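J.: Sequence and predicted structure below; questions after.
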Amino acid sequence: MASIFDLTGKTALITGASSGFGAHFAEVLARAGASLIIGARRTEMLEDIARKVEATGGRCEIISLDVTSADSIANAAKAIERADILVNNAGIVRPTGFLEHSESDWDAVMDTNSKGMFLMTQAAAKGMKARGGGSIINIASILGLRQGGSVVSYAVSKAAAVQLTKVSALELARFGIRVNALAPGYISTDLNGDFWESPAGKAMVQRIPQRRLGQLEDLDGPLLLLASDASAYMNGSIIEIDGGHLVSTL
């Protein structure tokens, strides 16, 4: 019996695919049968991912993509418009206190996390509309739903991701396009592992009701749900994957 998460015959495009969530998502979607298009500014960092996917019989195309640039997106339009599934994963953070947060910090984060998500959604939706539908998955964060210190532009950009998900879900539904979001909590990656071993990191973990960090694998089920027809009647949904962090006491 085929899996309800079977993506055979589908093409999935992942932005910010060179590391972290994006690299993991590429492997997960490839295992589910999707052909991949992976994009980032530094294409050399995508080559290892493509080799891993192809070594297991998958298909993986690399594109140069700067989501903050309308010109870069236009140059990649033919690839973007082939996507049946778009994972808007590209994102950055500039962690500084509110009073120290510079205009350049704000612009960099908002351009990548908010404008980039809008431009990519618009570009991919054009191709999806022409083919009769598709699934767009935005990577938001629990910081778009609650507050945290020293992440002002990131939190605002993720709140924007939540609202962009809902607004675009409303407008694109008539074309058979579903737009949903994942809102991860604290997830352990190669980039943040040292922090979680520090006293400050361990103290933060104790505030999570499950008393543990999320692992990248904890995102697999929600990702496959939204990517596949198993979520055919979900549109504008925000799925929180946070060990209960958002329901913790103040």
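T.: Happy to help now that I have it.
J.: Please tell me the pLDDT value assigned to the residue nearest to residue 110 when sequence neighbours are not counted.
T.: The shortest distance from residue 110 to any non-neighbouring residue, by CB to CB, 6 or more residues apart in numbering, is to residue 157 (5.5 Å). Every residue, glycine included, has its C-beta placed from N, CA and C. Looking at residue 157, its pLDDT stands at 98.
J.: Does residue 157 touch residue 111 like I think?
T.: No - using CB atoms under 8 Å, residue 157 is not in contact with residue 111, being 9.3 Å away.
J.: More neighbours: which of the two?
T.: The neighbour comparison of residue 157 against residue 111 (other CB atoms under 10 Å) goes to residue 157, with 28 against 17.
J.: if we can go back for a sec, helix or strand for the residue nearest to residue 110, which one?
T.: When secondary structure is defined by DSSP states H and E, residue 157 falls within helix 152-172.
J.: After that helix, heading C-terminal, what element do we hit next?
T.: strand 177-184.
J.: Report all helices and strands that that following strand contacts.
T.: Here strand 177-184 touches helix 116-131, strand 134-139, helix 152-172, helix 220-227, strand 238-241, going by 3 or more CB pairs under 8 Å, 6 or more residues apart in numbering; DSSP states H and E.
J.: Can you list the buried residues in the fourth one?
T.: By that I understand helix 220-227. 220, 222-227 (16 or more other CB atoms under 10 Å).
J.: what's the closest of those to residue 26?
T.: For those, the minimum distance to residue 26 (CB to CB) is 10.9 Å, reached by residue 223.
J.: Surely residue 175 touches residue 125?
T.: Yes - with contact defined as CB under 8 Å, residue 175 reaches residue 125; the gap is 7.3 Å.
J.: Which of these two has more residues huddled nearby?
T.: Taking other CB under 10 Å, residue 175 and residue 125 do not tie; residue 125 has more neighbours (22 against 15).
J.: so that one makes contact with residue 177?
T.: Yes - taking CB under 8 Å as the definition, residue 125 is a contact partner of residue 177 at 5.7 Å.
J.: where do the contact lists of the two overlap?
T.: 134, 136 (CB atoms under 8 Å, 6 or more residues apart in numbering).
J.: host element of residue 209?
T.: Using DSSP H and E, residue 209 falls outside every helix and strand.
J.: how many other residues sit next to the closest residue in space to it that isn't next to it in sequence?
T.: Nearest non-adjacent residue to residue 209, counting by CB to CB, 6+ apart: residue 244, 3.5 Å away. By the criterion of other CB under 10 Å, residue 244 has 12 neighbours.
J.: go on, residue 167?
T.: 14.
J.: And it, what's its pLDDT?
T.: Looking at residue 167, its pLDDT reads 98.
J.: Pull up the gap between it and residue 15, please.
T.: 19 Å (CB to CB, to the nearest Å).
J.: Nearest residue to residue 204 in space, please, no chain neighbours.
T.: Leaving aside its chain neighbours, residue 204 sits nearest to residue 186 (6.8 Å; criterion: CB to CB, 6+ apart).
J.: In contact with the one you found, which residues?
T.: Here residue 186 is in contact with 196, 204-205, 208, 213-214, 242-243, 245 (CB under 8 Å, 6+ apart).
J.: ok, those vs residue 103, which is closest?
T.: residue 204 (28.7 Å).
J.: ok, that closest one - how many residues close by?
T.: Using other CB under 10 Å, residue 204 has 16 neighbouring residues.
J.: now the protein, which segments are flagged as low pLDDT?
T.: 1, 191 (pLDDT under 70).
J.: Now with 80, please.
T.: For the chain, the stretches with pLDDT under 80 are 1-2, 190-193, 250.
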